[in-house]
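*Asks:* predicted model follows, preceded by the sequence.
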Amino acid sequence: MTKRELKDMPLEPIPVPTSDKATATATNAIENVSENEPLSNSAVQAYRAWLGYYNGHLKKIRWDNQQGNASAAEVGLKEQPTLQKRTVGKMGLKGVPGLRLE
């Protein structure tokens, strides 16, 4: 969204509560994603969907194609999921470092 789109909305920053226990639990859960097959499959699907969605909005959020690759580790995957060559070509991501092709 741009400032123009948010101009008439009353947005105010609020402090985010912190909790060491919640942070430790979340970190532990993310570290174990790859060990749980259903959770790992969901994480792979989420990565692919995230990449596809944000690929269409790169200019708006001022990213380049390489910045999208970091999300696989953020959802707890130990390695980048593979993508079909055809999909990569249609998304305009040919030659982007870090993408693994099937």
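*Replies:* Looks like it came in fine. What you see is a predicted model, and the numbers here were worked out from it, not measured in a lab. Residues are numbered from 1 along each chain as shown.

*Asks:* can we go C-alpha only for contacts and neighbour counts from here?
*Replies:* Fine.

*Asks:* determine how far the last residue of stretch 81-96 lies from the first.
*Replies:* Using C-alpha to C-alpha, to the nearest Å, the end-to-end distance of stretch 81-96 comes out at 14 Å.

*Asks:* report the beta-bridge partners for residue 101.
*Replies:* Legend: beta-bridge partners of residue 101 under DSSP bridges are residue 83.

*Asks:* count of residues packed around residue 43?
*Replies:* 21 (other C-alpha atoms under 10 Å).

*Asks:* identify the residue spatially nearest to it, adjacent ones excluded.
*Replies:* residue 75 (6.2 Å; C-alpha to C-alpha, 6 or more residues apart in numbering).

*Asks:* measure the nearest residue to residue 84 once chain neighbours are set aside to residue 88 for me?
*Replies:* Among residues not flanking residue 84 along the chain, residue 102 sits closest, at 5.1 Å (C-alpha to C-alpha, 6+ apart). According to C-alpha to C-alpha, residue 102 stands 10 Å off from residue 88.

*Asks:* more neighbours: which of these two?
*Replies:* residue 88 (17 against 9).

*Asks:* gap between that one and residue 60?
*Replies:* Distance of residue 88 to residue 60, given as C-alpha to C-alpha: 21 Å.

*Asks:* swap in residue 29?
*Replies:* Separation of residue 29 from residue 60 (C-alpha to C-alpha): 32 Å.

*Asks:* repeat for residue 100
*Replies:* According to C-alpha to C-alpha, residue 100 stands 26 Å off from residue 60.

*Asks:* the two - which one has more neighbours?
*Replies:* residue 100 (14 against 10).

*Asks:* go ahead and confirm that one touches residue 83.
*Replies:* Yes: with contacts counted by C-alpha atoms under 8 Å, residue 100 reaches residue 83, the gap being 6.2 Å.

*Asks:* so where do the helices sit in the protein?
*Replies:* 3-6, 20-31, 37-55, 58-61, 71-74, 85-91 (DSSP state H).

*Asks:* just the C-alpha atoms of the longest one, please, in PDB.
*Replies:* What follows is helix 37-55, C-alpha atoms only, in PDB (Å, rounded to 0.1, in the frame of the first residue of the first chain):
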ATOM      1  CA  GLU A  37       6.400 -34.100   7.300                       C
ATOM      2  CA  PRO A  38       2.900 -32.600   7.100                       C
ATOM      3  CA  LEU A  39       4.300 -29.300   8.600                       C
ATOM      4  CA  SER A  40       7.200 -29.400   6.200                       C
ATOM      5  CA  ASN A  41       4.800 -29.900   3.200                       C
ATOM      6  CA  SER A  42       2.700 -26.900   4.400                       C
ATOM      7  CA  ALA A  43       5.900 -24.800   4.700                       C
ATOM      8  CA  VAL A  44       6.900 -25.700   1.100                       C
ATOM      9  CA  GLN A  45       3.500 -24.700  -0.200                       C
ATOM     10  CA  ALA A  46       3.500 -21.500   1.900                       C
ATOM     11  CA  TYR A  47       7.000 -20.600   0.400                       C
ATOM     12  CA  ARG A  48       5.800 -21.200  -3.100                       C
ATOM     13  CA  ALA A  49       2.600 -19.200  -2.600                       C
ATOM     14  CA  TRP A  50       4.600 -16.400  -0.900                       C
ATOM     15  CA  LEU A  51       7.100 -16.200  -3.700                       C
ATOM     16  CA  GLY A  52       4.300 -16.200  -6.400                       C
ATOM     17  CA  TYR A  53       2.300 -13.500  -4.600                       C
ATOM     18  CA  TYR A  54       5.200 -11.100  -3.800                       C
ATOM     19  CA  ASN A  55       6.800 -11.600  -7.200                       C
END
